[in-house]
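S.K.: Here is a sequence with its predicted model. Questions after.
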Amino acid sequence: MRKYIDEMFACLKQGREVYLPSHFWENLNERNISQLEQQGLENLKRTVAQNYFTWVVGVRNDQFRKLMFDATLKDWREVLSGLPSYDPSSGLSRLRFYELNIFTRLLWRLAQKTDRLKLLDRVDEPQFGGPFPLFFERRLISQDLANSIIELYAVLDSLPLSFDQSLTICELGAGYGRNAYVALKAFPNCKYVIIDIPPALYIAQEYLAKVLPDRKIMKFSPFSNFDDVREQYEQAEIVFLLPHQAEMLPSKHVDLFVNISSLHEMTLNQVESYFDLIDKKTRGHFYIKQWKSFTNPDDGITISEDKYPYRSSWTKIMSRTSLAQPAFFEAIYKIN
C-alpha cells in the first residue's frame, strides 16, 4: 500500500505545483496514512471516513439539532423504537454509541423522505470498510449512504436526468467513493471519473474495486500522455486520475462535475485552478456543496460561499442551505 501511494505522490510532483497538497491536506494526509497503516482499509469507515463526511456528534451539534427539530412525532417513535444494546466493539463510549445511532437514524429518515424514486430499496451499505453496526428497520444503514442519496436528489430535482441515460460524471475529491458508489448503482450506463490526490485516490480506488467488482476500472497509472491510455479510458466505467492527468481529458467532456466539502481546504490559487479545470472540461452542470464559511488555519485563509470564483458565463440553477447540514450550502451551475 505505502509503495503504491508513494508512486502516486511521485507522479503528482510531475504536474503543476498548484496541484500539490495544501498545508491543510499535508496534515490530513499524514493522519489518513497513519490510520490506514494501523487499521487497514477493512476499517476505513470507522477511521479515515471520519476525516471526510462521517460525523460522530452529540445533541449540541447543529446537524443533530436540525434533524431533531425537523423530525415529526411519528419519526421519533420509529427512531427510538428498538434501539440496540450498547456494543463496546464499536469503539465508542456508551453516550456516543446512542448519539450515533439516533443521529444516523434521523438522517436516514430524512433520506427516506427525499427518496421519491426509492433508490434506497436498490442500494445497500457495503460491509467492506467496517461500517459502524447501525441497524434500522432491519437493515444496515449509514450516514454516508443517506447523505449520498440526499445529495443525488439535489441534482435529480434540478436537472432532467434519467437513470438509463449514458453520462460522464466527474468528482473532484471523492473521499473513499461514497457518491461514486451510489451514482454507479443509480446510473448503470454511467462513467465515473475521480480526480484526487493520494492517499485519497488510492483509498477510493481500492474501495470501489471491492464493492463494484463487475465494473471496468482504469486504475491509477503514471501516464503523461493521454493517447497512451485513451483506449483504456474509453472502455472504463470508473477512472482514477491525479489532477494534472485530468487536464489531459478532452475539452467539454463531462456531463456533471461534482465537488463536496473539499474546495474549502485548498489555497485560493488551487481553488481558482480547479474552477478553470471545471470550466474547460464540463459541457453540462456543476454541483457544489461546501461550508458556508470555513477558516483553514494551516494555510491562513478563510473562504465563504460568495468567494468562490464562479465564471460569469455560468448560469445558477439552484442554490440553498443543505437539507441535512445547516452550516453547508449547495448549488448547481450550468456550464455555458
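M.R.: Received the coordinates, thanks.
S.K.: Could you give the average pLDDT over stretch 230-241?
M.R.: If you average the pLDDT over stretch 230-241, you get 98.
S.K.: How about the secondary structure of Ser319?
M.R.: strand (DSSP: H, G, I helix; E, B strand; the rest coil).
S.K.: Any idea how many residues pack against it?
M.R.: Per other CB atoms under 10 Å, the neighbour tally for Ser319 reads 12. (C-beta placed from N, C-alpha, C; glycine too.)
S.K.: Find the nearest non-adjacent residue to it, please.
M.R.: Ala331 (4.1 Å; CB to CB, 6 or more residues apart in numbering).
S.K.: what residues are up against the one you found?
M.R.: Contact analysis of Ala331 by CB atoms under 8 Å, 6 or more residues apart in numbering lists Tyr287, Ile288, Lys289, Lys316, Ile317, Met318, Ser319, Arg320.
S.K.: Need those residues in JSON lines (columns: pLDDT and distance to Leu41).
M.R.: Output for those, formatted as JSON lines (pLDDT from 0 to 100; distance: CB to CB, whole Å):
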{"residue": "Tyr287", "pLDDT": "98", "distance to Leu41": "27"}
{"residue": "Ile288", "pLDDT": "98", "distance to Leu41": "28"}
{"residue": "Lys289", "pLDDT": "97", "distance to Leu41": "25"}
{"residue": "Lys316", "pLDDT": "97", "distance to Leu41": "39"}
{"residue": "Ile317", "pLDDT": "97", "distance to Leu41": "37"}
{"residue": "Met318", "pLDDT": "97", "distance to Leu41": "35"}
{"residue": "Ser319", "pLDDT": "97", "distance to Leu41": "36"}
{"residue": "Arg320", "pLDDT": "97", "distance to Leu41": "35"}
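S.K.: Report the buried residues of stretch 231-251.
M.R.: 233, 236-249 (16 or more other CB atoms under 10 Å).
S.K.: Now do that stretch: distance from first to last residue.
M.R.: Stretch 231-251 has an end-to-end distance of 17 Å (CA to CA, to the nearest Å).
S.K.: Work out the gap between that stretch and the centre of the chain.
M.R.: Here the centre of stretch 231-251 is set off from its chain's centre by 18 Å, with CA atoms, centre = their mean, to the nearest Å.
S.K.: how about Glu171, secondary structure?
M.R.: strand.
S.K.: err, Glu330, not the other one
M.R.: Classification of Glu330 using three-state DSSP returns strand.
S.K.: In this model Ile317 seems to touch it, though I could be wrong.
M.R.: No. Assessed by CB atoms under 8 Å, Glu330 is found out of contact with Ile317, at 11.2 Å.
S.K.: Could you check which of those two has the larger neighbour count?
M.R.: When neighbours are counted by other CB under 10 Å, Glu330 and Ile317 differ, and Glu330 comes out ahead with 21 against 15.
S.K.: Assign a three-state SS to the closest residue to the more buried one other than its chain neighbours, would you?
M.R.: The spatially closest residue to Glu330, leaving aside those adjacent along the chain, is Lys289, at 4.1 Å (CB to CB, 6+ apart). Look at Lys289: counting by three-state DSSP, its state is strand.
S.K.: In this structure Lys289 contacts Phe328, no?
M.R.: Yes. Between Lys289 and Phe328 there is a contact under CB under 8 Å: 5.8 Å.
S.K.: Which neighbours do the two have in common?
M.R.: Common neighbours of Lys289 and Phe328 (CB under 8 Å, 6+ apart) are Ser261, Ser322.
S.K.: got the residue ranges for the helices in the protein?
M.R.: 2-12, 23-39, 62-70, 73-80, 94-114, 143-156, 178-186, 200-211, 230-235, 243-246, 268-281 (DSSP state H).
S.K.: which parts of the fourth one are buried?
M.R.: In other words, helix 73-80. Those would be Asp75, Val79, for helix 73-80 by 16+ other CB under 10 Å.
S.K.: quick one: that helix to chain centroid distance?
M.R.: 29 Å.
S.K.: which residues does the residue nearest to Ser319 bridge with?
M.R.: Beta-bridge partners recorded for Ala331 (DSSP bridges): Ile288, Ser319.
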